[in-house]
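Participant: I'd like to go over a predicted model; first the sequence, then the structure.
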Amino acid sequence: MDLVNHLSDRLLFAIPKKGRLYAKTLSLLAGSDLSFHRDNRLDIALVKNLPIALVFLPAADIPRYVGEGNVDLGITGQDQILESEMNEKVEEVLGLGFGDCKLQVQVPENGVITAVEQLVGKRIVTSFGVLTKRFFENWDPNGSTAIKNASGSVEAACALGLADGIVDLVESGETMKAAGLKPIHTLLTTTAVLIASKHPRFADLQKTIISRIRGVIVAKQYCLVTYNIERSILSQATAITPGKRAPSIISLDAPGWVAVQAMVLKKECAKKMDELEIVGAVDILVVGIDNSRA
Ligand SMILES: Nc1ncnc2c1ncn2[C@@H]1O[C@H](COP(=O)(O)OP(=O)(O)OP(=O)(O)O)[C@@H](O)[C@H]1O
Ligand SMILES: O=P(O)(O)OC[C@H]1O[C@H](OP(=O)(O)OP(=O)(O)O)[C@H](O)[C@@H]1O
Ligand SMILES: [Mg+2]
């Protein structure tokens, strides 16, 4: 198929082509029923059931493509939006609940440097040159700190004798620890987001995609808790499970009893079940949610 001539009437959606955001983004697309076939090595794939084309790009380039209106929607990290100075030019539509990490100044664990001031006039390696330069301007108005860019494996720079400190992303801290580094300052915290061009070309379709993705995220974050309880102690139980909007309360065919249904954050589920049991709820069940709409 001649892909290029099939693009003009399609919403273009930029997807990270590799790295930490790739697998989770594909899972969001699958949950949103955006099915596609991607030919080996091709960075454009047509969605089969909607007029959308997926464009696979490095996460770092996605803010600029969206900000300049070359594509309509994109998924990337907030750090990349700031680094490419596109925060004014893109609309942050939705937090996606993954890609959470911090951008930190790191120095050798056993070295003499323990504070950012001591890095002034020294050598820093980073793949976040713009944010790092801006950060050091506050400490070093004369610009004596040498900031060098590297596109990956930044943690190796100190051990190789190329840097006195680095600025890089940290999630679990394992990479930092393995490289013998420690954090001395956090520049920012970041999460993956869905971003949109400020000049939408396919507003209705865009709304549909956003609504589907939001539904998948909510379904991933929540479960449905149901239980039976005597009406006289209902208020204690609904204080534990107030639901996302409000709990559903249904009369049971047993005098004085009601059944309750409420959405609960998955990470709080076990604790809520313990608390419900203590106040006297019985027949407590937890059901997974496949998909949802607000
Ligand atoms: N360890 C991590 N944990 C969570 N999110 C991360 C982590 N590393 C990076 N990210 C997020 O993912 C975005 C893309 O970074 P990533 O390093 O995965 O992409 P890449 O550099 O294109 O790929 P690769 O490093 O595999 O070449 C980052 O801007 C950040 O928002
Ligand atoms: O705190 P952690 O959980 O260890 O994660 C942090 C690491 O993840 C990213 O690296 P990535 O895997 O993208 O490799 P890269 O350094 O080659 O970009 C980031 O650049 C850190 O190196
Ligand atoms: Mg990387």
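Facilitator: Done, it's in. None of these values were measured; they are calculated from a predicted model. Ligands and ions are numbered 1, 2, ... in the order given.
Participant: Excluding residues flanking it in the chain, which one is nearest the residue in the stretch 101-250 of the chain that ligand 1 sits nearest to?
Facilitator: Closest residue of the stretch 101-250 of the chain to ligand 1, CB to the nearest ligand atom: Glu171 (3.3 Å). For the C-beta atoms, the positions are set from N, CA and C on the backbone; glycine is no exception. Distances taken as CB to CB, 6 or more residues apart in numbering place Cys101 nearest to Glu171, at 4.2 Å, with adjacent residues excluded.
Participant: which residues touch the one you found?
Facilitator: Contacts here follow CB atoms under 8 Å, 6 or more residues apart in numbering; on that basis Cys101 touches Gly77, Asp79, Leu169, Val170, Glu171, Thr189, Thr190.
Participant: And Val218, by the same measure?
Facilitator: Contacts of Val218 (CB under 8 Å, 6+ apart): Lys244, Ile289, Ser292, Ala294.
Participant: so which strand or helix has it?
Facilitator: helix 203-221 (DSSP states H and E).
Participant: CA atoms only: put that helix into CSV for me.
Facilitator: Output in CSV follows, covering the C-alpha atoms of helix 203-221 (Å, rounded to 0.1, in the frame of the first residue of the first chain):
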residue,chain,number,x,y,z
ALA,A,203,-11.4,17.2,16.8
ASP,A,204,-14.2,14.6,17.1
LEU,A,205,-11.8,11.6,16.4
GLN,A,206,-9.3,13.1,18.9
LYS,A,207,-12.0,13.2,21.6
THR,A,208,-12.9,9.6,20.9
ILE,A,209,-9.2,8.5,21.2
ILE,A,210,-8.7,10.5,24.4
SER,A,211,-11.9,9.1,25.9
ARG,A,212,-10.8,5.5,25.0
ILE,A,213,-7.4,5.9,26.5
ARG,A,214,-8.8,7.6,29.7
GLY,A,215,-11.1,4.6,30.0
VAL,A,216,-8.2,2.1,29.8
ILE,A,217,-6.2,4.0,32.4
VAL,A,218,-9.1,4.2,34.8
ALA,A,219,-9.7,0.4,34.3
LYS,A,220,-6.0,-0.3,35.0
GLN,A,221,-6.0,1.7,38.2
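Participant: Show me where the stretch 151-294 of the chain has its helices.
Facilitator: In the stretch 151-294 of the chain, the segments counted as helices under DSSP state H, counting those that start in this stretch are 156-159, 174-178, 203-221, 234-240, 269-279.
Participant: For the shortest one, buried residues please.
Facilitator: Going by neighbour count (16 or more other CB atoms under 10 Å), the buried part of helix 156-159 is Ala157, Cys158.
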